[in-house]
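Chemist: need a 3D model of the sequence below.
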Amino acid sequence: MAQNQREATFQAITSVLENSGVSFNPGEDVKSVITSDHKKKVREILITGLKDGSITSSTEFAGKMTSDVDYSKYCSGLISNWIKKDPRLNGNVKHQSSSGSGKSVSRVGNGDSQVKELRKLLKATAGTDSEQEVQEALNSRLEELKVEKTSKAKSSIVAESVPENLRHLV
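Modeler: Numbers count the residues shown, from 1 in each chain. Sure, this is the predicted structure:
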């Protein structure tokens with residue numbers, strides 16, 4: 001049975017480090033011990049596994065990989081991704097996407113014109129006395145949208161299909 005990409009990346013990293021004589025215990029932050037040479041060896045292992053089918057990939061993926069360069073780029077991203085996201089490799093830290101500014105990224109309200117304008121205004125008022133007021137208005141609007149989303153989800157539930165003891169939640 002083929003390994004998933006997360007497990008294959010973890011296994012390749014730990015194997016390469018062990019074979020290099022580097023001490024690493026799952027749950028520690030691997031960034032402090034892994035080198036570019038280690039990553040190169042991990043990348044080679046992953047490329048081989050993806051090509052021979054011992055690592056799972058979608059048929060869409062296979063159609064996009066036309067050269068070793070494509071595989072190398074993909075596997076470099078795979079390594080970086082799992083070093084950030086896998087708690088066995090990142091020091092048991094829950095990964096949180098960021099916008100580059102270090103702030104958490106929320107997709108709530110992305111389609112809402114009021115939220116878009118409030119976000120622009122927030123940037124324009126950064127560091128001023130008005131910043132807090134704009135932030136509160138933005139937070140309020142985002143909460144409104146969350147409530148709307150929740151009520152829409154509930155309205156799409158067919159109450160008759162829900163067990164009777166839970167129907168009061170619909």
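
Chemist: CA only for contacts and neighbour counts going forward, please
Modeler: Noted.

Chemist: in a helix, residue 142, correct?
Modeler: Yes - counting by DSSP: H, G, I helix; E, B strand; the rest coil, residue 142 falls inside a helix.

Chemist: that one against residue 115, yeah?
Modeler: Yes - contact status for residue 142 versus residue 115: in contact at 7.4 Å, counting by CA atoms under 8 Å.

Chemist: buried stuff in stretch 130-139?
Modeler: Within stretch 130-139, the residues scored as buried using 16 or more other CA atoms under 10 Å are 134, 135, 138.

Chemist: can you check stretch 112-123 too?
Modeler: Buried, per 16+ other CA under 10 Å, within stretch 112-123: 115, 118, 119, 121, 122.

Chemist: including pLDDT and secondary structure, could those residues go into CSV?
Modeler: As requested, those are arranged in CSV below (pLDDT from 0 to 100; DSSP: H, G, I helix; E, B strand; the rest coil):
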residue, pLDDT, secondary structure
115, 84, helix
118, 86, helix
119, 85, helix
121, 89, helix
122, 87, helix
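
Chemist: for residue 47, state which of the residues you listed is nearest.
Modeler: Distances from residue 47 to the buried residues of stretch 112-123, taken as CA to CA, are shortest for residue 119 (41.8 Å).

Chemist: so which helix or strand takes in residue 126?
Modeler: Residue 126 belongs to no helix or strand when assigned by DSSP states H and E.

Chemist: and residue 54, how many neighbours?
Modeler: Neighbour count of residue 54, defined by other CA atoms under 10 Å: 16.

Chemist: just to check, it is in contact with residue 45?
Modeler: No - judged on CA under 8 Å, residue 54 makes no contact with residue 45 at a distance of 10.5 Å.

Chemist: what residues are up against residue 85?
Modeler: 94, 95 (CA atoms under 8 Å, 6 or more residues apart in numbering).

Chemist: surely residue 122 meets residue 136?
Modeler: No - with contact defined as CA under 8 Å, residue 122 does not count as touching residue 136 (10.0 Å).

Chemist: tell me the domain boundaries of this protein?
Modeler: Recorded structural domains for the chain (assignment: automatic domain parsing) are 5-85, 113-169.
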